[in-house]
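Colleague: 3D model of this:
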Amino acid sequence: MAHKTVQTLLNKPMDRRQFLAHIGAGALIITGISGILRSLVDYSPFKGQKAAVGGYGSSAYGGQKR
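Modeller: Alright, predicted model coming up:
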């Protein structure tokens, strides 16, 4: 199916402006799709945050001595 679409696009007579428009649209589609997929895969609301090991009172100033 995609092969036929590519063949019809390659056989279509076009000038330089139309050719560059098709190439630009294809590049935009490819980068747009990869950007969307990357944002979905890398999305994490807690990314980069570390869990708190000690809370209030965990240091010598808080009253506990080690």
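Colleague: where's Thr8, which helix or strand?
Modeller: helix 2-11 (DSSP states H and E).
Colleague: Please read the previous query as pertaining to Thr31.
Modeller: Using DSSP H and E, Thr31 falls within helix 16-42.
Colleague: Next, the angle helix 2-11 makes with that helix.
Modeller: Orientation check (axes from the mean of the first three to the mean of the last three Cα atoms, to 10 degrees): helix 16-42 against helix 2-11 gives 150 degrees.
Colleague: Quick one: mean pLDDT over helix 16-42.
Modeller: Mean pLDDT, computed over helix 16-42, is 84.
Colleague: name the helices or strands packed onto that helix?
Modeller: Applying 3 or more Cβ pairs under 8 Å, 6 or more residues apart in numbering; DSSP states H and E, we find helix 16-42 packed against no helix or strand. The C-beta positions use only the backbone N, C-alpha and C, and glycine is treated the same way.
Colleague: which residues sit against stretch 27-45?
Modeller: By Cβ atoms under 8 Å, 6 or more residues apart in numbering, no surrounding residue is in contact with stretch 27-45.
Colleague: hang on, I meant stretch 2-18
Modeller: By Cβ under 8 Å, 6+ apart, stretch 2-18 touches His22.
Colleague: ends of that stretch, how far apart?
Modeller: 20 Å (Cα to Cα, to the nearest Å).
Colleague: Any buried residues in that stretch, and which?
Modeller: Buried residues in stretch 2-18, counted by 16 or more other Cβ atoms under 10 Å: none are found.
Colleague: Could you measure from Asp15 over to Ala21?
Modeller: Here the criterion is Cβ to Cβ, to the nearest Å. By it, Asp15 lies 10 Å from Ala21.
Colleague: same question, Asp42
Modeller: Relative to Ala21, and taking Cβ to Cβ, Asp42 is found at 31 Å.
Colleague: Please identify which of those two sits among more neighbours.
Modeller: Neighbours of Asp42 and Ala21, each counted by other Cβ atoms under 10 Å, are more numerous for Ala21; the result is 12 against 8.
Colleague: Let me see the contact set for that one.
Modeller: Counting by Cβ under 8 Å, 6+ apart, Ala21 has no contacts.
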